[in-house]
Each structure stands twice: as structure tokens, then as C-alpha cells.
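K.L.:
Below is the sequence, then the predicted model.
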Amino acid sequence: MVRIIRRGSRVVRDRESSRDDDVTSVDLALAMSTRRARAVVELASRALGARARASMAMPGAERARASARSAARSDAGAARREIRGVSRGFASDAAEGASTKTHPDGLPRYPELSVAGALRAADYLGTGAFAMTGSLLAASSGMDAFGCTVIGTITAVGGGTIRDVLLGQGRRAFWMEEQEYLWIAAGAALATFFGWERAKQAYGLADDDYWIEALDALGVGAFCVIGAQNGIRAGVPVIAQVLCGVMTATFGGAVRDVFVGRPTRILHSYSDIYATAAAGGALAYITARGVGLPPPLRVIAGVGVGVGMRVAADTYDIRLPVYSSAKARETAAAKGDKRWS
């Protein structure tokens, strides 16, 4: 309600608050907001309808191509995620830190008080032993300090490198993530080159001491099990898992033999069995896993068979048979097979 009061020549409006007037204003505002909301919804519906009609009007081949592109983008993203997941952890299952749970067929990042940790320690010892024997062989063939270091390192890490390359799937060689293997191998090879002759004179050591053969056997047992574990984690068939164990334990030595120019040890009978022992250890680990043994017992079985076969071969001079012709036996005898000499 409005009252008009005259005061002199001025007219004064006196507004009185009215609940009816306020209600009317609120209703008007709500009506305007509702109309705006309806307009927005209508515009959105028209836009969606136009897009749907355009999609329906698209030719069948074009729709198929668009769908294929979308599926390809989705598959590519999934593949990238899978490759990242596969490549991580191949070289080390615990590379992200001590809190990461170790894979049942894997190793902790460093040695620890467990069977898997002891296997890691045996891996380090085997790496040093392989580098030492590789460096001695290179030195006996006339190579210099650099050549002996290279050959010793190849002997120690070459088998695992070949394994990782053949397994593929975005993998890098294990020593690119676990650099301690390079330091162990190169350090042992270089120390052997400069210090072995002095050690022989000072301590009465010899190139064929039993402790060298024992460390070499330990390296074969550890390497063949670790190679089989890598094959298992990569998801390859059983036969390929066994070959991963054989490659890890022996292919570094095979490359060494090629560089120094002598017959490849694992392919000739001038020395006792080597690759066969590695295959036996890998197969023992895989069999133990197949029958459901816990991881510690699998490792013990695989390493035990590998080491045991190498020790038996060295002790009893166990060799594989050669071809039965006279010429083949003559050739084997010329290469050092004492059975036909």
C-alpha cells in the first residue's frame, strides 16, 4: 500500500512494506529462472539431436572407420600400459624399494637373510667368478688390460644380456638397471689381470684350484635358476624357460670363446658337461614350481641340481658322447677330449 502525503509544494510517497508485493517479486524471479533453464535444456537437446542425426547420416564405411580409430586408440593405450608394466621389474622385482613385495619367482634387490636373498648373493659371487675366469682366459690368449676386462665382463653378464634381448617386450639388459653387476664383473676382471700372478706367488694359488671350480659351479647353479625365473615372469613356454636358464649360465662363455678364438666349450667335448648342468638346474626349478613347492624349496632344488651336476662332471670327468666315426673322435682328441687320445 502507498500513501501520498502533501507537504507544501512537494509530494512524498510513503511506502509501506507489503508481504504481498514481496511474494509477487519472488514469483516473477522464479518464473524468469525457470524459462531460462528450459531454454538451456532445449538448446542442449537440439545440439545432441543434431549430433545424433549426423552420426546416423554418416555412411556405413565412415562410421566403421571412426569406430576402428577409436578402438585402435584404446588398444594402443592398453598396449603402452602393458609394456610399461612388463618392462618394469624384469631386471629387478624389487627395484622400486624395499617395501615392494618380491615376486614368487623373483629376487630381492640386494642380498638378505632369506633363500631368495642368498640366491642374490650367489649371483654376485658367480658374476665375480665368471669375470675372473674370463679374464684369465683372455690374458692367456695375449689380450691387454682392456681386452681382459671386456672379455671378463662379457663372460659374466653376456648370457643374461642375450636372454633379455631375446625375451623382448620392451626389456632392457638387466645390468642397465642393476649397475652393480657391471662393477662386480669389470672390477673382478681388472683385479685378476693386475693381481693374479702376484697372488699366485704370495699365496701359492693356481689357475685350476678347486675353489675356483666351486665358485664357477655355484655361478652355474645360481644363473640357471635366475634365468628360468626370468622366463617364467615373461610368460614364455616351459621349453623357453629352460633355455633362458641355459642362456643365462652359458652364453656369456660362448661369446668369450668366440672372441678368444677357441672352440666353444658348451658345443664340444674337450671339457666336461656345462650347458647340460645348467639345463638340469633350470628344469629342476621349473619342476619344483610345477608340483607346488614353495619358492625357497624351488630355489634350493634348482641350485642344488645345477651345482651338483657341475661338481659331479668335474669330479668324474663326465662328458657327452661324440659321433662314433673315427674322424670325429680324432678331431675331438685334437681339441682335448682325453677319451680318444
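P.N.:
Structure received.

K.L.:
What's the per-residue pLDDT of Y210 here?
P.N.:
On the pLDDT scale, Y210 is placed at 89.

K.L.:
ok, now which ones touch it?
P.N.:
Applying CB atoms under 8 Å, 6 or more residues apart in numbering to Y210 gives no contacts. All C-beta spots, glycine's among them, are computed from the backbone N, C-alpha and C.

K.L.:
can you tell me how far it sits from R172?
P.N.:
Separation of Y210 from R172 (CB to CB, to the nearest Å) stands at 37 Å.

K.L.:
where does the stretch 201-341 of the chain have low pLDDT?
P.N.:
Along the stretch 201-341 of the chain, segments meeting pLDDT under 70 span 340-341.

K.L.:
how about the strands in it?
P.N.:
Along the stretch 201-341 of the chain, counting by DSSP state E, counting those that start in this stretch, no stretch forms strands.

K.L.:
Quickly list the domain ranges of the protein.
P.N.:
20-81, 115-340 (automatic domain parsing).

K.L.:
Please identify the most buried of these.
P.N.:
The highest mean neighbour count among the domains of the chain, using mean count of other CB atoms under 10 Å, belongs to domain 115-340: a mean of 19.

K.L.:
Tabulate the domains of the chain (JSON lines), appending distance to T102.
P.N.:
JSON lines is the format used below for those (distance: least, CB to CB, whole Å):
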{"stretch": "domain 20-81", "distance to T102": "23"}
{"stretch": "domain 115-340", "distance to T102": "6"}
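
K.L.:
Compare those and give me the one nearest P104.
P.N.:
domain 115-340 (4.9 Å; CB to CB).

K.L.:
Surely T248 and C224 touch.
P.N.:
Yes - counting by CB atoms under 8 Å, T248 touches C224, with 6.5 Å between them.

K.L.:
anything in contact with each of these two?
P.N.:
Common neighbours of T248 and C224 are listed as A278 (criterion: CB under 8 Å, 6+ apart).

K.L.:
Tell me the spacing between Y210 and G160.
P.N.:
For Y210, the distance to G160 equals 26 Å [CB to CB].

K.L.:
and if you look at L167?
P.N.:
L167 is 10 Å from G160, where distance means CB to CB.

K.L.:
Which neighbours do the two have in common?
P.N.:
Contact criterion CB under 8 Å, 6+ apart; residues shared by L167 and G160: N230.

K.L.:
so where's the stretch 1-150 of the chain shaky on pLDDT?
P.N.:
The low-confidence ranges in the stretch 1-150 of the chain, as defined by pLDDT under 70, are 1-100.
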